[in-house]
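*Asks:* Take a look and give me a structure for this.
(chains A and B)
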Amino acid sequence: MSDVISFLQPREKVLARRSTIIADLADLLPADCLVHEPRELVPFETDAFVAYRRLPLAVVLPHNTAQVAAVLKYCHRYGVPVVPRGAGTSLCGGAIPQEDAIVIGLSKMSRILEVDFANRTATVQAGVTNLSISDMVGPEGYFYAPDPSSQLACTIGGNIAMNSGGAHCLKYGVTTNNLLGVKMVLMDGTVIDLGGKHLDSAGYDLLGLVCGSEGQLGIVTEATVRLIAKPEGARPVLFGFTSSEEAGACVADVIGAGIIPVAIEFMDKPAIEICEAFAKAGYPLDVEALLIVEVEGSEAEMEAMLASIVEIARRHGVKTVRESQSATEAALIWKGRKSAFGATGRIADYICMDGTVPLSQLSYVLKRTGEIAEGFGLRVANVFHAGDGNMHPLILFNANDPVEAAKAEAAGNEILKLCVDAGGCLTGEHGVGIEKRDLMLHQYTRAELDQQIRVREAFDGQWLLNPSKVFPLDGRPQTAGAA
Amino acid sequence: MSLLLVPTREDEAADMIRAAAEAKRSLAISGGNTRSGFGQQVEAQGVLRSAGLSGIVAYDPAEMVVTARAGTPVAEIEEALAENGQMLAFEPMDHRPVMGTTGEPTIGGIFATNTSGPRRFVAGAARDSLLGVRYINGRGEVLRAGGRVMKNVTGLDLVKLLAGSFGTLGFLTEVTFRVLPRPQDQRTIILSGLDDGEATRAMAIAMSLSVEVSGAAHLPESVRGRFLNATLPDGPATVLRLEGLAASVAVRAEKLISTLQSLAPISQLDAEESRVLWQEIRDVKPYADGTMKPLWKVSVAPTSGFQLVAALRLRAGIDCFYDWQGGLLWMRMESEPEGELVRHVMHQIGGGHATLVRASVDMRATENAFEPLPAAVLALQARIKSQMDPAGIFNPGKMARG
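*Replies:* Reported below is the predicted structural model:
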């Protein structure tokens, strides 16, 4: 991919002190916490946004909050940038380092500290994977609701940094709605606790501000999350429509009728074909759009809800209705959807966009997305969370062709601008990172961005925490140390 | 207190704020003034009210999203929602009965104070429903934060920061929030005769079941008679609300009763009685007593609430009932606020936060209305405040004494 996205100039003063810094870190931490051989640094040079890579100065893998605090205090004192990292599944380059930065990886902090069923909370270290919480509490009839597609690998710390969502957030909300408290380390090494097992907080909602701040306000080391009693049952139904417009209108009518399914997923024809070829899920190939609607509750509740939803779908000329009759069938319906990204990767390189639009604009945005891609001579497949308007157009291209790669990136930017112009936003769940940083002024005015920047500076006046991310590099009131 | 500013346009409000900032003239921010007794006394040189910025700007029921100007009466919003079978999921409390205030609660005031009610413990607080705002910062700049879509991780979430900041960081001019379908049916299951500890255990069991309880409160004997015109069965009442499609409510009630029936005698309220009961719990009816006796709202882990109350009862005259599965305590003190004692015991049982919702002017002058914060957090808040409101003109002293 073309090098369109620029990084901050590494701080010369930091680079010049590289060996001293490494020696100092070695003094601060046990030997197994420090990685600095160039060869060993390679796994940390990028995250799941693989188009860009930078070797960090060093990587530290602390065991506890005190070690995180010691490293931050040191970096604060000497003006060394810090990039926090969970499992590195960020799709927007949120954990990509640069040459003058210390990566603080939370992978060793992966203990579940306490599960409290009576209060329905789990307190975990930041490096715990999302899915392992649900796995731990599942046998007792509970789960942790936010379910990003990467939940097998991604960590709670990363989920908090990105305010992650998932297919089921229509009913249960995203990370910020399920987070009760954190222990975090500020850039100067101060450890603070926000929230806890109780609801709401005293003072400003710093917990809400930290969630989704992409590692720029501090490093979360522990989190207390809300557990929810598992529903008795869940059942997905597959609907095939002859047009995207009808599918979109069906979604609006279901919600307008007062039914909140737990998930509504949308796939267009290219996505259906790609997923079916891979997953053999039995998706209909003679339709233009497909919805997977999942309801949950007792048998009687699901029956009642599904009857209403099917009735609404019929009004929109639904061509195929497939109710899952067994757990195997339900799993198969989801398998096609959940393997969309992997399946697409088999047939082409792609970039996955992440814009969000108001539901009333879905049909229009889908149509324009197709036109934009076509204008660049590219194909696009759409899979997304229709219930909340979070679109994921996959722009297909050939990464070995630099011209096509540049076109894909340009088409992606056009599509994101389209989402904003339609009343939506640049990113619904993947984050801004470095990927969408330079589009921020399309969504916000300079004054709005400046206000965010000033709030950021209340936490980290030297711009040491994840400094290349989220905010455009030009126009920052501070670019301290930029050579 | 002199100048009363009631702008009717956003740009007019911005001009007023800019002028105030230049003159370093402080402003008390208010909506309908129904929650004016909250927090510390604000001594300001002017009052800036949102009442002139009123009206629903956009409402699309199929998207479940409403945009309204900050000064819009909550009643107007609720009427529009009711016409479309929808509601505010967080069930905002009306503070007028306990505060003894008159006037019209505004939607901006709801979000500025992050006011929620009984459904909060499962459906989220006001801040969880708030998708976007237009606001004016202390420099007089008209800004937006968030948007009108449910998922948005574009930049810092200043929406959350502004929600519950009690007008100290910015002047809200417009709010965009998510609404939910109004449940078709509801009913309430009553367990009678449980003491506070037993009730806490019963509520935890109810929340562990897959029946989606949407209200869980415990009304000790001292307050039971003040709900539903004293028609609740004898003894303390532990009440559990179920909502949803009629068929679902019936199925869930059956399951809930069969699990809990060994614990206590069980009775039920139909939809209409249930609706009234939860509105009375929401508005803290037992303490809407026409007095200014100190009233605390304390949020702790659900299973700790009764321990806090038990410990306090040994040392102070209190009356109390529980919402949010036992984690929200409404406590009326017989004489003094006893803030130090309340907070001391609260920290002993695992922490939380205590807010003095009502007290006489004299008592408010000497008591911290909001939970005192650790030094590091306080410093952070002060830096944020100065980044949003550099001249310090909005509601000075409201959230922290001194």
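*Asks:* Run a quick neighbour tally on the residue in the stretch 1-150 of chain A that chain B sits nearest to.
*Replies:* The stretch 1-150 of chain A approaches chain B most closely through A:Ala118 (4.3 Å), counting by Cβ to the nearest Cβ. The way it works is simple: take the backbone N, C-alpha and C, and place the C-beta from them, glycine included. Under the neighbour criterion other Cβ atoms under 10 Å in any protein chain shown, A:Ala118 is assigned a count of 17.
*Asks:* The residue lying closest to it once chain neighbours are set aside - how many residues pack around it?
*Replies:* Among residues not flanking A:Ala118 along the chain, B:Ala204 sits closest, at 4.3 Å (Cβ to Cβ, 6 or more residues apart in numbering or on different chains). By other Cβ under 10 Å, 18 other residues sit near B:Ala204.
*Asks:* Do me a favour and average the pLDDT over stretch B:138-150.
*Replies:* Model confidence over stretch B:138-150 averages 96 on the pLDDT scale.
*Asks:* Which helix in chain A has the most residues?
*Replies:* Among the segments of chain A that qualify as a helix by DSSP state H, the longest is helix A:402-421.
*Asks:* State the mean pLDDT of that helix.
*Replies:* When pLDDT is averaged along helix A:402-421, the result is 94.
*Asks:* That one vs chain B: in contact?
*Replies:* No: counting by Cβ under 8 Å from any Cβ of the partner chain, chain B is not contacted by helix A:402-421; separation bottoms out at 8.7 Å.
*Asks:* quick one: buried residues of that helix?
*Replies:* Buried residues in helix A:402-421, defined by neighbour count with 16 or more other Cβ atoms under 10 Å in any protein chain shown: A:404-405, A:407-420.
*Asks:* ok, now stretch A:454-473?
*Replies:* A:454-460, A:462-471, A:473.
*Asks:* gap between the one helix or strand A:Ser308 maps to and the chain center?
*Replies:* In this structure, A:Ser308 is located in helix A:299-315 according to DSSP states H and E. Taking Cα atoms, centre = their mean, to the nearest Å, one finds the center of helix A:299-315 at 31 Å from the center of the full chain.
*Asks:* After that helix, which helix or strand is next?
*Replies:* Going C-terminal from helix A:299-315, and assigning secondary structure by DSSP H and E, you next hit strand A:320-323.
*Asks:* related to what we said a few turns ago, I'd guessed the residue nearest to A:Ala118 sits against B:Gln325; true?
*Replies:* Yes: using Cβ atoms under 8 Å, B:Ala204 and B:Gln325 qualify as a contacting pair, with a distance of 6.8 Å.
*Asks:* Find the residues that touch each one of those two.
*Replies:* When contacts are counted by Cβ atoms under 8 Å, 6 or more residues apart in numbering or on different chains, B:Ala204 and B:Gln325 are jointly contacted by B:Pro302.
*Asks:* okay, the closest residue to chain A within the stretch 151-300 of chain B: pLDDT?
*Replies:* Among all residues of the stretch 151-300 of chain B, B:Lys160 sits closest to chain A, at 2.7 Å; criterion: Cβ to the nearest Cβ. The score at B:Lys160 is 98. That number is its pLDDT.
*Asks:* What of the one 3 residues further on?
*Replies:* At B:Ala163, the model reports a pLDDT of 97.
*Asks:* Would you mind listing where the stretch 1-150 of chain A has pLDDT under the threshold?
*Replies:* A:1-3 (pLDDT under 70).
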